[in-house]
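Asker: okay, sequence plus prediction incoming.
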Amino acid sequence: MKYTQLGRTGLTVGRLCLGTMNFGPETDEKEAFKIMDAALDAGINFFDTANVYGWGENAGRTEEIVGNWFAQGSGRRERTVLATKVYGEMPGYDGPNQRGGLSAYKIRRHLEASLERLKTDHVELYQMHHIDTSVTWDELWEAFEVQVYKGAIGYVGSSNFAGWHIAKAQEAAKARRFLGLVSEQHKFSLLNRLPELEVLPAAQDYGLGVIAWSPLDGGILGNALKPSPGSRRTARQQERIEKLRPQLTAFSELCADLGESEANVALAWTLTFPAMTAPIIGPRTLQQFEDTLRVTEIELSEDVLRRLDEIFPGPGGPAPKAYAW
């Protein structure tokens, strides 16, 4: 495994981040344990989860699985850089404050609940799962400062922020002499290159590490034209695949020429951006996990990158050059 720093921090993380969203809904606890053990054995130390994973009435189940894995001991928790999130609606408590959003009240209560499920007293990275523009940055930064000073969280991250949200957050933190955001987790892939316009440049300028979620665009960039046995697709997914068939066919041919899987090329492409810390891999099975391990060894030449730009055109460069002279 190759490693890098998380944004401008001194925290070292692997160039692949293990996403746990499938643990519970798609992957049972036994298989999830095998995947997490294999991740540590392979040198992947960066794990990402969220309080809402498990979804609906089962929200929190994914954190419970991760916590049960930590409880097995053998240094699992000590070797893991753990990230979770806050924003979503959690069932069973909070009364009128149950709706999705952020507040000092929610940050405190939901962090305490996450730590209990995760069977730990701290997380290295606590991320806002979405922006809540109805809450002031003074309230949010004070709430996060308290948890940092208590040692319950190491760093604060964001997810699904626009470039200008990152700028506002960092300027507000600077005024308080607080570190502010250290990472932005954002949807980014060959099929979703809009973040190149402003989010990636803003993150790089402010020293945030970018963590790409859905780097395979829901699996469409992972051999979509030759689905594995037992794979399930909605009618909407199939319709999108048919619309993208010319691009996916050209991509498949390019990957075949390289002797690499489509999924691994798509993941390796994300790592070519200077702001990128790691793409999130979300395996449902141990085999899927093992298939991704050579991603950090793949070197994409300038010719290959130009071909990928031809197949999957980006927004035309960072702002404002993409829409101005």
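Answerer: Arrived safely.
Asker: not counting sequence-adjacent ones, nearest residue to residue 262?
Answerer: Nearest non-adjacent residue to residue 262, counting by CB to CB, 6 or more residues apart in numbering: residue 255, 4.7 Å away. Placement of C-beta: from N, CA and C, glycine included.
Asker: what is the burial count for the one you found?
Answerer: Neighbours of residue 255 under the rule other CB atoms under 10 Å: 19.
Asker: buried sites along the helix or strand hosting it?
Answerer: Using DSSP states H and E, residue 255 maps to helix 245-258. Using 16 or more other CB atoms under 10 Å as the test for burial, helix 245-258 gives 247, 248, 251, 252, 254, 255, 258.
Asker: now for the helix or strand following that helix, which elements pack on it?
Answerer: Next helix or strand after helix 245-258 toward the C-terminus (DSSP H and E): helix 262-270. Judged by 3 or more CB pairs under 8 Å, 6 or more residues apart in numbering; DSSP states H and E, the packing partners of helix 262-270 are helix 245-258, strand 276-281.
Asker: tell me which stretches of the stretch 51-200 of the chain form helices.
Answerer: 61-70, 104-118, 137-150, 163-175, 199-206 (DSSP state H, counting those that start in this stretch).
Asker: got the angle between the third one and helix 104-118?
Answerer: Interaxial angle, helix 137-150 versus helix 104-118 (axes from the mean of the first three to the mean of the last three CA atoms, to 10 degrees): 40 degrees.
Asker: wait, what's in contact with the most centrally placed residue in the chain?
Answerer: Nearest residue to the geometric centre of the chain (CA atoms, centre = their mean): residue 213, 4.0 Å. Taking CB atoms under 8 Å, 6 or more residues apart in numbering as the criterion, residue 213 is in contact with 19, 159, 185, 186, 187, 188, 280.
Asker: now do 10 Å
Answerer: 17, 19, 21, 48, 159-160, 185-189, 279-280, 282 (CB atoms under 10 Å, 6 or more residues apart in numbering).
Asker: and for residue 241?
Answerer: Contact analysis of residue 241 by CB under 10 Å, 6+ apart lists 219, 220, 224, 225, 227, 233, 248.
Asker: could you do residue 218 as well?
Answerer: Counting by CB under 10 Å, 6+ apart, residue 218 touches 189, 191, 224, 233, 234, 237, 240, 282.
Asker: hmm, try it at 8 Å
Answerer: residue 237.
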